[in-house]
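>>> Prediction below, plus the sequence it came from.
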Amino acid sequence: MKTLGKKGAATREAILASARQAFTQSGYDVGVREIAENAGVTAMLVNRYFGSKEQLFEEVVDLVLSAPGILTREVMTNAPDVSTLCRDVAAALVAKTAPGITSMDGFLIMLRSANNGQATAILRRKFETHFARPLSELLPGEETSQRAAMFLAVIAGFQVMRQVVEMAALAQAKPDQLERQLEALFGLLIIGTPVKHLTG
């Protein structure tokens, strides 16, 4: 890949920023022309830098999923045991889904692009790479891929109900109560039983 000069790098970043905003607001079906216009460039230049809208979407998804979040590679690799992983993810999930606290770009891109087959194929592949596969490799026992996927489904469902729908029972609950309940639920998925100190 040819090294970009200072101006070229700035143009590329402007296109990425515009694409992230557009995909967050409108999903995958947004037009390249709109992305280009908001970046102050032509559609031809967007294709020159990224090849296609599909490749641009893929890079935006990579960018969003690589940002510090709830289930990060650092959390997955640094937890000394699976019980700690359950606790850390539960705490991060509660903290980052407090209404109005955290940007929801990645989540909104996923929701608003779900009706497009190309987009869901990219999202599925990226979620496997960033989250499902690394998590499944940490889990003990059998059916680790399925349990990792269920773990991610719990995170996504909780985020929808607390941060998007803002169900009162979740939005107004005491954070420590939510953390304990999520930790126990994650324990069921990770080690087959609720984490020990919550049941004993």
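Received the coordinates, thanks. Everything quoted here is computed from the prediction, not taken from an experiment. Numbering: from 1, shown residues only.

>>> How is this structure partitioned into domains?
6-52, 67-194 (automatic domain parsing).

>>> burial count for Ala43?
15 (other C-beta atoms under 10 Å). Placement of C-beta: from N, CA and C, glycine included.

>>> quick revisit: where among the domains of the chain is average confidence lowest?
Ranked by mean pLDDT, these end with domain 67-194 in last place, scoring a mean of 87.

>>> Which residues are in contact with Gln163?
Thr97, Ala98, Pro99, Thr102, Met104, Phe107 (C-beta atoms under 8 Å, 6 or more residues apart in numbering).

>>> Recalculate using a threshold of 6 Å.
Thr97 (C-beta atoms under 6 Å, 6 or more residues apart in numbering).

>>> Is it possible to get a markdown table of the domains of the chain that adds distance to Val61?
Shown next, in a markdown table, are these (distance: least, C-beta to C-beta, whole Å):
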| stretch | distance to Val61 |
| --- | --- |
| domain 6-52 | 8 |
| domain 67-194 | 5 |
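
>>> Compare these and report which one is nearest to Val60.
domain 6-52 (5.1 Å; C-beta to C-beta).

>>> Need phi/psi at Pro99.
phi -50, psi 130 (degrees, to the nearest 10).

>>> sorry, back to before: and the domains of the chain: which comes nearest Glu59?
Nearest to Glu59, of the domains of the chain and by C-beta to C-beta, is domain 6-52 at 6.6 Å.

>>> Can you give the distance of that closest one from its chain's centre?
Here domain 6-52 shows a centroid-to-chain-centroid distance of 21 Å under the convention C-alpha atoms, centre = their mean, to the nearest Å.
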